[in-house]
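> Below is the structure, and that's it, no one-letter string:
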DNA sequence: AAAATAGTCAACCTGATGGTTTAATATTTC
DNA sequence: GAAATATTAAACCATCAGGTTGACTATTTT
């Protein structure tokens, strides 16, 4: 079950990471994390045309990060975070590498502290 | 200290996510997770020109995911996972969203199990 | 019915991407 | 020193990305 989530779906991972590689889209996701937003509402903070925002939303949809609900003339978008989990799954493989570095850093700091506690602080 | 890692550095995040949006580059990172590799060694599995691989490595370097050590005519690359930690830091904000979903799924499965255990399995 | 609103679509522009090939540079080997 | 090796650089190509504008569709308001 977890497997299904971490599983490699190259096309999808491409789409997810590509979607995340743009600061405007990342901001839109942040906004959507607070609740549903219309396309117009998503466009507003960027003084960007509706058409521009529409394109960004489509990129997010293609990546499976956003879903759309049409009510009358308004399109409401909401966050679909499962795709982000896929990205995290991929990244988690590498955790050990930076954890290792953090371990070293931690050890260094601890050593420093112990040194200080030992009474040689000036 | 953790803060410094999770901190938003838009330009860098752009570069990191962009670097990850290509399957070839993700494979290269996987390869580098096993140890240092020359540009040629990185190119080999993809039947791609040296020049092509060289470009990919430059993208990874720009994103801070790879570092290079030149020994004679050979350029050795190694993984620099700190940049990946930045990406994970960004994603971690959204964890609660998919965790929430997993909780629901888990609850559903548990409910199913209990139902089964209750003796009504046929 | 007319006007305003929310959004898409298509065309267009500029600049980046991913790939190639050919030439050039630096190093190593013969 | 000549030949082979490892790599970059530069030019080129096709395609994609991010953005705009203008025209169109569908809904809502007046």
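Perfect, I can see it now. Values in this document were obtained by computation on a predicted structure and should not be read as measured data.

> Okay, residue A:74 and DNA strand D: tell me how far apart.
Distance of residue A:74 to DNA strand D, given as CB to the nearest atom of the strand, to the nearest Å: 7 Å. Every residue, glycine included, has its C-beta placed from N, CA and C.

> What about the nearest residue to that residue once chain neighbours are set aside, how many residues nearby?
Once flanking residues are discounted, residue A:74 sits nearest to residue A:38: 5.1 Å by CB to CB, 6 or more residues apart in numbering or on different chains. Neighbourhood size, residue A:38 [other CB atoms under 10 Å in any protein chain shown]: 16.

> who touches residue A:38 in this structure?
For residue A:38, the contacting residues are A:74-77, by CB atoms under 8 Å, 6 or more residues apart in numbering or on different chains.

> which secondary structure element contains the closest residue in space to residue A:49 that isn't next to it in sequence?
Distances taken as CB to CB, 6+ apart put residue A:43 closest to residue A:49, at 7.1 Å, once the chain neighbours are dropped. For residue A:43, the host element (DSSP states H and E) is helix A:39-43.

> Would you mark the buried spots in stretch A:22-38?
Buried residues in stretch A:22-38, counted by 16 or more other CB atoms under 10 Å in any protein chain shown: A:22, A:25-26, A:28-29, A:31-32, A:37-38.

> anything in it near DNA strand C?
Yes: for stretch A:22-38, a contact with DNA strand C is found by CB under 7 Å from any atom of the strand, at residue A:38.

> ditto for stretch A:71-80
Yes: Stretch A:71-80 lies within reach of DNA strand C by CB under 7 Å from any atom of the strand, at A:73-76.

> Only the buried subset of these, as a ChimeraX command please.
Buried members of those, defined by 16+ other CB under 10 Å, are picked up in ChimeraX with:
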select /A:75
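
> any chance of the residues of stretch A:71-80 next to DNA strand C in CSV, plus secondary structure?
Below are the residues of stretch A:71-80 next to DNA strand C laid out as CSV (DSSP: H, G, I helix; E, B strand; the rest coil):
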residue, secondary structure
A:73, coil
A:74, strand
A:75, strand
A:76, strand
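
> wait, which of the residues of stretch A:71-80 next to DNA strand C is closest to DNA strand D?
If you rank the residues of stretch A:71-80 next to DNA strand C by distance to DNA strand D using CB to the nearest atom of the strand, residue A:73 comes first, at 4.0 Å.

> what's the helix or strand for the residue nearest to the spatial centre of chain A?
With distances taken as CA atoms, centre = their mean, the residue of chain A nearest its centroid is residue A:84 (5.9 Å). Using DSSP H and E, residue A:84 falls within helix A:82-92.

> Using neighbour counts, pick out the buried residues of that helix.
A:83-91.

> if you average pLDDT over the helix or strand containing residue A:96, what comes out?
Assigned by DSSP H and E, residue A:96 belongs to helix A:95-115. Mean pLDDT, helix A:95-115: 66.
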